[in-house]
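In: Got a sequence here, can you model it:
(2 chains)
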Protein chains: 2
Amino acid sequence: VLVTCVHIWVKKEHIQDFIAATTANHQGATKEPGNLRFDLLQHQTDPCRFMLYEAYFSAEAAAAHKLTSHYQKWKESVGPWMAKAREGVPYNVVCPAERSEW
Amino acid sequence: VLVTCVHIWVKKEHIQDFIAATTANHQGATKEPGNLRFDLLQHQTDPCRFMLYEAYFSAEAAAAHKLTSHYQKWKESVGPWMAKAREGVPYNVVCPAERSEW
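Out: The predicted structure follows:
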């Protein structure tokens, strides 16, 4: 299992737009066959700061996400709302070790 | 639902010690009544860099974790193995919005 944490900084005036667009992307992503999690988090004291927690069974499944229409739509929508470039951090999962625990 | 992302940098010679101690903490934490997730991740290209993804139903449940014996044991063990102080980043969960989806 692989996780990408995507750190995103949104312009204050577009926070609600960003949440709406990313909720739609979350709903699409969690229906993808290789997806395990697609959590959207907002920083507790800096409402402009978000993190996506994207867990997939494999690199192929993660790559397939970027070909979906919900991802493409999200990417085009949110670009102008970001205060700076987003940063993706790639991890391997140590725990839970078993796929069945996800 | 609240999530804390704990960023941890481990001394190279203690990576395996850290994984063993944190796996034990994971096993204890995921049995806590208020715990939703306690994922341990290792950076794909920097094996000294880890992240804990700790999701709890409430601030009270997250605080209760720090009173458990498995957390206390973990904290004492891993302290000397860290290359620098760990950093916890607190988030509120936007998606999944329903507790039943966790």
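
In: all contacts plus neighbour counts: C-alpha atoms, from now on.
Out: Noted.

In: Name the residues of chain A found near chain B, please.
Out: A:3, A:19, A:23, A:26, A:38-44, A:89-96 (C-alpha under 8 Å from any C-alpha of the partner chain).

In: Which of those fall within helices?
Out: In helices, judged by DSSP state H, the following of these are found: A:19, A:23, A:26.

In: want to try TSV for the residues you listed, with pLDDT as columns?
Out: Shown next, in TSV, are these (pLDDT from 0 to 100):
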residue	pLDDT
A:19	98
A:23	98
A:26	98
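
In: Compare these and tell me which has the most neighbours.
Out: residue A:26 (22 neighbours; other C-alpha atoms under 10 Å in any protein chain shown).

In: Name all residues that make contact with that one.
Out: A:38, A:39, A:40, B:95 (C-alpha atoms under 8 Å, 6 or more residues apart in numbering or on different chains).

In: Kindly report the same for residue A:90.
Out: A:2, A:3, A:4, A:5, B:43, B:44.

In: where's the last one relative to chain A, distance?
Out: Put plainly, it is residue B:44. To chain A, residue B:44 is 5 Å away according to C-alpha to the nearest C-alpha, to the nearest Å.

In: and that residue, how many neighbours?
Out: Residue B:44: 17 neighbours (other C-alpha under 10 Å).

In: repeat for the fourth one
Out: Here the number of neighbours of residue A:5 (other C-alpha under 10 Å) works out to 18.

In: which of the contacts of residue A:90 are the two that sit furthest away from each other?
Out: The distance between the two most remote of the contacts of residue A:90 (C-alpha to C-alpha) is 11.8 Å, for A:5 and B:44.

In: Can you pull the residues that touch both of those two?
Out: Joint contacts of residue A:5 and residue B:44 (C-alpha under 8 Å, 6+ apart) are A:90, A:91.

In: Serialize the contacts of residue A:90 to JSON lines and add fields for distance to residue A:56.
Out: Putting those into JSON lines (distance: C-alpha to C-alpha, whole Å) gives the following:
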{"residue": "A:2", "distance to residue A:56": "6"}
{"residue": "A:3", "distance to residue A:56": "6"}
{"residue": "A:4", "distance to residue A:56": "9"}
{"residue": "A:5", "distance to residue A:56": "12"}
{"residue": "B:43", "distance to residue A:56": "15"}
{"residue": "B:44", "distance to residue A:56": "14"}
